[in-house]
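Enquirer: only geometry, no sequence info:
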């Protein structure tokens, strides 16, 4: 195909009577077989006929959808509509996320089970979406963005997206929202200024404990709910909201390097993390008391090629210390059935000089004891690898920006890239437990902190964050 100029691509508003059949044909037969999520779910054109017609009929009842033409050939479209019937929702959908969608899938009335799965996934990423767009009274929904794959990479998707933004402004919408299930659309939306407000890895979606999606052919790992806020200006009316700095725009992730990062991270780990982490604080440990134990953790994690650091403007503001466990002894004894009633002997035998540091190690060792019991049978089939998220930390000055969530997602992606069967972590505070649950990890063991005794006395004081227990959590990947 000869090179084309984006100026040759003309955009026209959809005429529902004239264009419906053409859009339906392209949507059902071309889009469905090229859109990564639909393809990864194993959908055939006949699986999506009903749901795709419903999408088109709803959107084309309004005059906001756009076609892209190259000469007389339609090469793409954006299917759009405006919603003013927005139910206010104060509940974060991440707090009630269930990654096994079997119940939602069974509620669907499509003849195709594959279609029911896809519909349930889209409904989940969009569930309670109004939580993320507070005070929105008029929402422009970019429901479908499609470019014929023969014309990909020419800027057509970008041009259609910008036209949708222009239409949202012209119609005085408060927000524009869309779902990015493909790498290409995610890139286009980010370039256009849309921001991700919710993100779920495809690998977490299950149907009766069976993974719904195979690996997406474009390499995309997550489905994203994204939006852009518009604000009133005295001259131009509505324009994209740019007044507030979005820290995630400046956020970069790098692989940890022992020689380069050890001194930097060790100082933050010992001085900052130790005084912010609820478990360490509850033990009463000071930085100098946990130095030996923390340096051992750091040596192990930074010698691994799987740890990740987060930087903003050349400042390290967080990390995920990760490593892969390959030699796993299968264990058939449930550790919950033989929990110690007193840890005095265990604490005394831990080879560290400081007593408070030994207590912390005893707690973590107990929750991890016999962890292979919770992942039975795998070693008899193949060598079981686990990517272990050892320490998750974000500088409290940068909390609430989604950085810890992104670090966890990066760790899950790394586990998948390294063909690990399971992802494992220990949650010692409410925030990490919330993040892990949001991303699909399941709690397999939980011990109340007041159960940890030494010579009959509890040795962990008030945690400060209201957390009452330590949790062992897993995500099955394979």
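Expert: Yep, that arrived. Owing to the predicted nature of the structure, the values given are computational and were not obtained by experimental measurement.
Enquirer: all contacts plus neighbour counts: C-alpha atoms, from now on.
Expert: Will do.
Enquirer: give me the pLDDT for the residue lying closest to residue 145 once chain neighbours are set aside.
Expert: Across the structure, with CA to CA, 6 or more residues apart in numbering as the measure, the residue nearest residue 145 apart from its sequence neighbours is residue 78 (4.5 Å). Taken from the predicted model, the pLDDT recorded for residue 78 is 96.
Enquirer: and residue 78, what are its phi and psi?
Expert: Main-chain torsions, residue 78, degrees, to the nearest 10: phi -120, psi 130.
Enquirer: also residue 80?
Expert: The main-chain torsion angles of residue 80 are listed as degrees, to the nearest 10 and equal phi -130, psi 150.
Enquirer: residues contacting residue 310?
Expert: Neighbour list for residue 310: 251, 252, 253, 254, 316, 317, 318, 319, 403, 407 [criterion: CA atoms under 8 Å, 6 or more residues apart in numbering].
Enquirer: if you drop the residues flanking it in sequence, what lies closest to it?
Expert: Of all residues beyond its chain neighbours, the one nearest residue 310 is residue 253 (4.6 Å), with distances taken as CA to CA, 6+ apart.
Enquirer: sheet partners, orientation included, of the host helix or strand of that neighbour?
Expert: Under DSSP states H and E, the secondary-structure element containing residue 253 is strand 251-255. Here strand 251-255 is paired, per DSSP bridges, with strand 308-312 (antiparallel).
Enquirer: who does residue 308 bridge with?
Expert: The residues paired with residue 308 through beta bridges, assigned by DSSP bridges, are residue 255, residue 320.
Enquirer: surely it is in contact with residue 252?
Expert: No - with contacts defined as CA atoms under 8 Å, residue 308 does not count as touching residue 252, sitting 10.2 Å away.
Enquirer: which of the two has more neighbours?
Expert: Using other CA atoms under 10 Å as the criterion, residue 308 and residue 252 rank with residue 308 on top: 23 against 13.
Enquirer: contacting residues for that one?
Expert: Residues near residue 308 by CA under 8 Å, 6+ apart: 253, 254, 255, 256, 319, 320, 321, 322, 407, 410, 411.
Enquirer: out of those residues, which is most surrounded?
Expert: For the contacts of residue 308, neighbours were counted by other CA under 10 Å; the highest total belongs to residue 322, with 28 neighbours.
Enquirer: and the helix or strand that one falls within, how far from the chain's centre?
Expert: Residue 322 is located in strand 315-325, with elements delineated by DSSP H and E. In terms of CA atoms, centre = their mean, to the nearest Å, the gap separating the centre of strand 315-325 from the centre of its chain is 17 Å.
Enquirer: tell me the angle of that strand relative to strand 308-312?
Expert: Computed by axes from the mean of the first three to the mean of the last three CA atoms, to 10 degrees, the angle separating strand 315-325 from strand 308-312 equals 170 degrees.
Enquirer: which helices and strands does strand 315-325 pack with?
Expert: The contact analysis (3 or more CA pairs under 8 Å, 6 or more residues apart in numbering; DSSP states H and E) places strand 315-325 against helix 287-302, strand 308-312, strand 386-394, helix 403-417.
Enquirer: if we use 6 Å, what do you get?
Expert: Identification of packing neighbours for strand 315-325 by 3 or more CA pairs under 6 Å, 6 or more residues apart in numbering; DSSP states H and E yields strand 308-312, strand 386-394.
Enquirer: I appreciate the help and will end here.
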